[in-house]
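Undergrad: Give me coordinates for this.
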Amino acid sequence: MPAMTKPDLLNQPRELLRHLFDVAVASALPARILAAHLPPPPPRGRTLVLGAGKAGGAMAQAFEAAWPKDAALSGLVITPYGHCPPDYRPRRIELVQAAHPVPDAAGALAAARMLQMTQGLTPDDLVICLISGGGSALLSVPASGLSLADKQALNRALLNSGASISEMNCVRKHLSAIKGGRLGAACAPAQVLTLMISDVPGDDPAVIASGPTLADVSTCAQALAICRRYSIELPAAAQRGLASGVYETPKPGDPRFADQRFELLATPQLSLQAAADAAQALGLPAHILSDAIEGESRDIGRMHAAIAQAVARRGQPFAKPCVLLSGGETTVTLRGTGKPPGQGGRASEFLLGCAIALDGEAGVYALAADTDGIDGVGSNAGALATPSSLARARALGLNAQTELDAHNAAGFFDALGDLVSTGPTFTNVNDFRALLIR
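TA: Here you go, the predicted model:
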């Protein structure tokens, strides 16, 4: 977006909301934050870089730029297709692109090679793991007795189930040969530093990308209960492995994790705070509702609309003008309508639920977008809603509730010309939502 003055932004709600989103994303870019967290090269051993996630390519690029040119370095990082920064030419770290959110053979083969690369490590060696959201699908080595096809079917079922990210990753950990601390255990006895960009509510490092290097407190019994709760059909081998405990993950206190630590480079809260600071620099009060909101997207949209209406009509709990910010990870449960789901994602479904509840409320504008630049499996990051959204849709013959029920929220906003499109941002601190009340 071209540079704009303070009065310009305050008088243009769309541009203001997009500015806040851009600030939130920029605050989590690896090029800005990673170098300050790097240790010196080990005096005697070698340095191995391993990683996976939507920010993987940008993290690898930032690492190569900051690491001493004369220090030995090798490694392998996996990122989704299209998520390699266009100006990055890997030299010392191999970068593999693979499928997300449903794993493919490229990711499975690369993750298996990653495990092989940990063989022969010594206490003098340093492993730096670059982990960000999206790593679960990219680190797709199936547990013993399972196939890649089994993992693909399970991922699809989990994604459509309405389970939370913590619940999904609990299951994924226990059906994997690399997640849930298994990569970290394989690196022993080397020193391990895991640098993470959080995309999960609460910033639990053992949940981010299913915690490949972190000891895991969840259990096979919990994973099995989650599958039963959401009617996830399990292959026979998975059922046996979870029921018997054969698929149990490494636990806290395991000596293999004695010389390992982690640091969070970026979190949803830090990005929301950056956006709040940007709003306040313009003279606009900003209020962060929470960085860890979960629940059904359309329901969370209605909840945000109710708060915005209270501000607009009664000045409670905040006086207007102001902007309300929130983050976290909502879910979309696909409901049977007899038709294939339309174009949608968490952000656009939240926004359409919010717009319907606002019903054209004067002076309320909203933006919802995923900070990785991809809302669900579409090509847009999210969308914008204005007081005129529903009226403009009706003029086009669109019924907002019908489109929401068909999970076609992105298609709805596309017809209005109100999608937010960024392409991959090369970071990921999850959902970003901003409501401006004038």
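
Undergrad: Now do the strands in the stretch 151-300 of the chain.
TA: 191-197, 260-266, 286-296 (DSSP state E, counting those that start in this stretch).

Undergrad: which of those sits most buried?
TA: Mean neighbour count, computed with mean count of other CB atoms under 10 Å, is highest for strand 191-197 among these, reaching a mean of 25. Where C-beta positions appear, they are placed from N, C-alpha and C, glycine not excepted.

Undergrad: CA atoms only for that strand - export them in CSV, please.
TA: Extracted as CSV, the C-alpha positions of strand 191-197 are listed here (Å, rounded to 0.1, in the frame of the first residue of the first chain):
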residue,chain,number,x,y,z
GLN,A,191,22.9,-29.4,21.7
VAL,A,192,19.5,-28.4,20.3
LEU,A,193,18.0,-24.9,20.1
THR,A,194,14.5,-24.7,18.6
LEU,A,195,13.5,-21.3,17.3
MET,A,196,9.7,-21.1,16.9
ILE,A,197,7.1,-18.7,15.4
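
Undergrad: Packing partners of it?
TA: Judged by 3 or more CB pairs under 8 Å, 6 or more residues apart in numbering; DSSP states H and E, strand 191-197 is in contact with strand 126-132, strand 260-266.

Undergrad: Columns distance to residue 182 on top of the strands of the stretch 151-300 of the chain, output as a markdown table?
TA: Formatted as a markdown table, those follow (distance: least, CB to CB, whole Å):
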| stretch | distance to residue 182 |
| --- | --- |
| strand 191-197 | 13 |
| strand 260-266 | 13 |
| strand 286-296 | 26 |
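
Undergrad: which one of those lies closest to residue 230?
TA: Each of the strands of the stretch 151-300 of the chain was scored for nearness to residue 230 using CB to CB, and the closest is strand 286-296 (13.4 Å).

Undergrad: Walk me through which strands that closest one pairs with, and which way each runs.
TA: strand 322-331 (parallel) (DSSP bridges).

Undergrad: Tell me the first helix or strand C-terminal of the partner strand.
TA: helix 346-358 (DSSP states H and E).

Undergrad: Heading C-terminal from that next one, find the next helix or strand.
TA: Using DSSP H and E, the helix or strand that follows helix 346-358 towards the C-terminus is strand 364-370.

Undergrad: same question for whichever helix or strand comes after that next one, mean pLDDT?
TA: Sequence order places strand 382-385 as the next helix or strand after strand 364-370, per DSSP H and E. Averaged across strand 382-385, pLDDT comes to 98.

Undergrad: Each with direction, which strands does strand 382-385 pair with?
TA: Next to strand 382-385 in the sheet, as set by DSSP bridges, lie strand 364-370 (antiparallel), strand 419-420 (antiparallel).

Undergrad: which other residues reach it?
TA: 14, 17-18, 345, 347-348, 351-352, 354-355, 358, 365-370, 375, 409-410, 413, 418-420, 432 (CB atoms under 8 Å, 6 or more residues apart in numbering).

Undergrad: Selection in PyMOL covering whichever of those are buried, please.
TA: Buried members of the contacts of strand 382-385, defined by 16 or more other CB atoms under 10 Å, are picked up in PyMOL with:
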select buried, resi 17+18+345+347+348+351+352+354+355+358+365+366+367+368+369+370+375+409+410+413+418+419+420+432
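
Undergrad: what residues are up against residue 14?
TA: Taking CB under 8 Å, 6+ apart, we find residue 14 in contact with 365, 384, 386.

Undergrad: do that again at 6 Å, thanks
TA: Residue 14 sits next to residue 384 when contact means CB atoms under 6 Å, 6 or more residues apart in numbering.

Undergrad: And residue 316, by the same measure?
TA: Residues counted as contacts of residue 316 (CB under 6 Å, 6+ apart) are residue 310.

Undergrad: mind redoing it with 10 Å?
TA: Counting by CB atoms under 10 Å, 6 or more residues apart in numbering, residue 316 makes contact with 307, 310.

Undergrad: Give the helix, strand or coil label for it.
TA: Following DSSP: H, G, I helix; E, B strand; the rest coil, we place residue 316 in the coil state.

Undergrad: What about it? Give its phi and psi, please.
TA: phi -130, psi 140 (degrees, to the nearest 10).

Undergrad: Tell me the predicted confidence for it.
TA: 96.

Undergrad: for residue 61, same thing?
TA: 98.

Undergrad: And for the nearest residue to it once chain neighbours are set aside, the neighbour number?
TA: Leaving aside its sequence neighbours, residue 61 sits nearest to residue 88 (CB to CB, 6 or more residues apart in numbering; 4.2 Å). Residues near residue 88, counting by other CB atoms under 10 Å, number 17.

Undergrad: I'd like the distance between residue 88 and residue 77.
TA: Residue 88 sits 11 Å away from residue 77, going by CB to CB, to the nearest Å.

Undergrad: shared neighbours of those two, anything?
TA: Listed as contacting both residue 88 and residue 77 by CB under 10 Å, 6+ apart are 57, 58, 60, 61, 95.

Undergrad: Relative to residue 425, which of those is nearest.
TA: Out of the shared contacts of residue 88 and residue 77, the member with the shortest distance to residue 425 (by CB to CB) is residue 58, at 8.7 Å.

Undergrad: Just to be sure, the closest one is in a helix?
TA: Yes - under three-state DSSP, residue 58 sits within a helix.

Undergrad: what about stretch 184-203, start to end distance?
TA: Stretch 184-203 has an end-to-end distance of 19 Å (criterion: CA to CA, to the nearest Å).

Undergrad: Thank you, goodbye.
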